[in-house]
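1. sequence and computational prediction follow.
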Amino acid sequence: TGLGEPGGGLGLQLRLPDPHCAGEPGIGEHRRLDRGGERFGVRNSGATAVVEGVGDHACEYMTGGVVVVLGPQGRNFAAGMSGGIAYVWDPDGKNRSRVNPGMVDLEAPDDGVDAAELRALIEEHARLTHSPRGLTLLAGWETQVSHFIKVMPRDYKRALRAAAEAEAVTAVSREQVAHG
């Protein structure tokens, strides 16, 4: 389901296993009421996905996009992940130990942009799927947001920082030219 599909969106309420769901997606959206399969989001290059759990090797070799996991995850999460961002709900601390730390850091989502993006994605997920878990998380958002971990590739974070710094320099230069 959704393999190689650029654009559009998927809203699934299936209770059947789909081991390759959202593997190698293009640009688009994917929401799933139940748990995604093994290797969910592998090679994601720009899709947005919200699922209620994933199997082993999820987000492996991910290069872009956003994946939100609202439940348990299997082992080796984010192995080879070089881009994009994943947010994982981890109320009991078990998901943290299942992340492959080779290329990523685990952070708390910031209170500004990260928290707003995460909440908006969960709101849309709950609206489209009527997810009891999504609705529960939103009802207790002030507490629940602290149970999310942000999985951030180190190189991607450096690239984003460099781009922001370059944009700041360009903005200063434009300002000097305009008033110079």
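-> Yep, that arrived.
2. ok, now how distant is Pro109 from His57?
-> Look at Pro109 and His57: by Cβ to Cβ, to the nearest Å, they are 23 Å apart. All C-beta atoms are positioned from the backbone trio N, CA, C, and that covers glycine.
3. helix, strand or coil for Thr48?
-> Of the three states, Thr48 takes strand under DSSP: H, G, I helix; E, B strand; the rest coil.
4. does it touch Gly65 like I think?
-> Yes. With contacts counted by Cβ atoms under 8 Å, Thr48 reaches Gly65, the gap being 5.9 Å.
5. mind listing the strands for the protein?
-> Using DSSP state E, the strands of the chain run over 9-12, 29-32, 45-51, 63-69, 83-89, 104-107, 148-153.
6. show me what the third one pairs with in its sheet, parallel or antiparallel.
-> The pairing partners recorded for strand 45-51 under DSSP bridges are strand 29-32 (parallel), strand 63-69 (parallel).
7. can I get the longest one in PDB, CA atoms only?
-> Included here for strand 63-69 are C-alpha records, laid out as PDB according to Å, rounded to 0.1, in the frame of the first residue of the first chain:
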ATOM      1  CA  THR A  63      16.000  10.700   3.800                       C
ATOM      2  CA  GLY A  64      13.100  13.100   4.200                       C
ATOM      3  CA  GLY A  65       9.500  13.600   5.500                       C
ATOM      4  CA  VAL A  66       8.000  13.200   8.900                       C
ATOM      5  CA  VAL A  67       6.900  10.000  10.600                       C
ATOM      6  CA  VAL A  68       4.900  10.000  13.800                       C
ATOM      7  CA  VAL A  69       4.600   6.800  15.800                       C
END
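8. can you give me the buried ones in it?
-> 64-69 (16 or more other Cβ atoms under 10 Å).
9. on that earlier part again, out of the strands of the chain, which comes closest to Thr136?
-> Minimum separation from Thr136 across those (Cβ to Cβ) falls at strand 83-89, 10.6 Å.
10. angle of that closest one against strand 63-69?
-> Relative orientation of strand 83-89 versus strand 63-69 (axes from the mean of the first three to the mean of the last three Cα atoms, to 10 degrees): 10 degrees.
11. name the residues that touch strand 83-89?
-> By Cβ atoms under 8 Å, 6 or more residues apart in numbering, the residues outside strand 83-89 that reach it are 41, 44-46, 59, 62-71, 73, 77-78, 95, 99, 109, 114, 118, 121, 137, 144, 147-153, 155-156.
12. show the buried residues in the residues you listed.
-> Counted by 16+ other Cβ under 10 Å, the contacts of strand 83-89 give 41, 44-46, 59, 62, 64-71, 73, 77-78, 95, 99, 109, 114, 118, 121, 137, 144, 147-153, 156 as buried.
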